[in-house]
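Peer 1: sequence below, structure please.
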Amino acid sequence: MTRAVVVTESASASVQDVGSEFLRPGSPDADGVTVDVEWSSLNFKDGMALTGDRGVARRLPLVPGIDVVGTVAEGDAAGRFNAGDSVVVNGAGLGETRHGGYAETAYVSAASLVELPEDITPRRAAAIGTAGFTAMLSVLRLERDVAPDDGDVLVTGSAGGVGSVSIALLARLGYRVVASTGRPEQADFLRSLGAADVIDRAELSDAGKPLQKPRWAGAVDSVGSATLANALAQTKWGGAVTACGLAQGSDLPTTVLPFILRGVSLHGINSVDAPAALRRTAWERLAVDLDLDLLDSLTDEVALGEVPGLAGEILRGRVRGRTVVDVRR
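Peer 2: The predicted structure follows:
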């Protein structure tokens, strides 16, 4: 038996003791790897799964947790991973279509596993998590089109996981970052991460003209809806915007004008289905480009038993930075 957070058909989440037959995939997985989970993390998508939101929780009962950090207990048939390897996996259907990281054991696909870089401890890997992994994917895409001397880079949803790590990464790489937030009390925190300026999200959250005064060389958006539309409308000629979230909404009320009159590029960031080579590149860059001491300063830690009670907090935007889950506590 192993401890796990389980969301049932009634949408209630609780810590239960479950057997291996509950956690294993329904059909044999030739690419499967057994991982003894040590750490996971709390993400917005986890909050949705914990409430039984069927847009995320595609199966019930479900063990949420889109991040798994731990040690390989049983390697894959192809020998790519061996017992004792320290590994991380983000997304890849965990906590959505298959049981995720809020359990002491996880069965994951070898194609999504990455061996941890030596410079990143398991706890820090969980602090990076899908949010930091997504932030790194956004930066990798953004830097193809935008150089640090091209102008300001906007980060929306900046006090959240993706936003806070994006600020830290971009600032360390030499970009001048402007953070957008609806929580003015977080301004000092955002500046401590490297933001040069902080603006109220109200400047971007209402419907605006399809083409506006150019302000940004690029942007990292995790909000969607009118916020993303305004970011596009305010991006300079040849700029780039990455989109990875929908905290405000999944709609995009804009026109083709930013694209055909200013040559703006919109790039979708999908951390769930990222191929193995891109996953390795992102984690190699995180080991180099992210200030890990700074990461520690924006990380809180909770025990597995505290997770069910945190769903409402993250969905209401009350969780700052990163929260790691000590699965063994």
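Peer 1: give the full set of residues in contact with the residue lying farthest from the centre of the chain.
Peer 2: Most distant from the centre of the chain: Leu261, at 31.9 Å, with distances by Cα atoms, centre = their mean. Residues near Leu261 by Cβ atoms under 8 Å, 6 or more residues apart in numbering: Leu211. Backbone N, C-alpha and C define where each C-beta goes, glycine included.
Peer 1: can you tell me how far it is from Gly268?
Peer 2: Separation of Leu261 from Gly268 (Cβ to Cβ, to the nearest Å): 21 Å.
Peer 1: for the residue farthest from the centre of the chain, phi and psi?
Peer 2: phi -100, psi -20 (degrees, to the nearest 10).
Peer 1: any idea how far apart the tips of stretch 59-72 sit?
Peer 2: 25 Å (Cα to Cα, to the nearest Å).
Peer 1: again with stretch 87-102
Peer 2: 16 Å.
Peer 1: what comes up buried for it?
Peer 2: Neighbour counts over stretch 87-102 (16 or more other Cβ atoms under 10 Å) mark 87-96, 98-102 as buried.
Peer 1: again, but for stretch 209-229
Peer 2: Going by neighbour count (16+ other Cβ under 10 Å), the buried part of stretch 209-229 is 210-212, 214-229.
Peer 1: among those, which are located in strands?
Peer 2: In this view, the buried residues of stretch 209-229 that belong to strands under DSSP state E are 216-221.
Peer 1: got JSON lines for the residues you listed, with pLDDT too?
Peer 2: Formatted as JSON lines, these follow (pLDDT from 0 to 100):
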{"residue": "Trp216", "pLDDT": "98"}
{"residue": "Ala217", "pLDDT": "98"}
{"residue": "Gly218", "pLDDT": "98"}
{"residue": "Ala219", "pLDDT": "98"}
{"residue": "Val220", "pLDDT": "98"}
{"residue": "Asp221", "pLDDT": "98"}
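Peer 1: returning to what we had before: the buried residues of stretch 87-102: which two are farthest apart?
Peer 2: Val87 and Glu96 (19.5 Å; Cβ to Cβ).
Peer 1: hmm, back to that, what about the residue farthest from the centre of the chain, distance to Leu232?
Peer 2: 11 Å.
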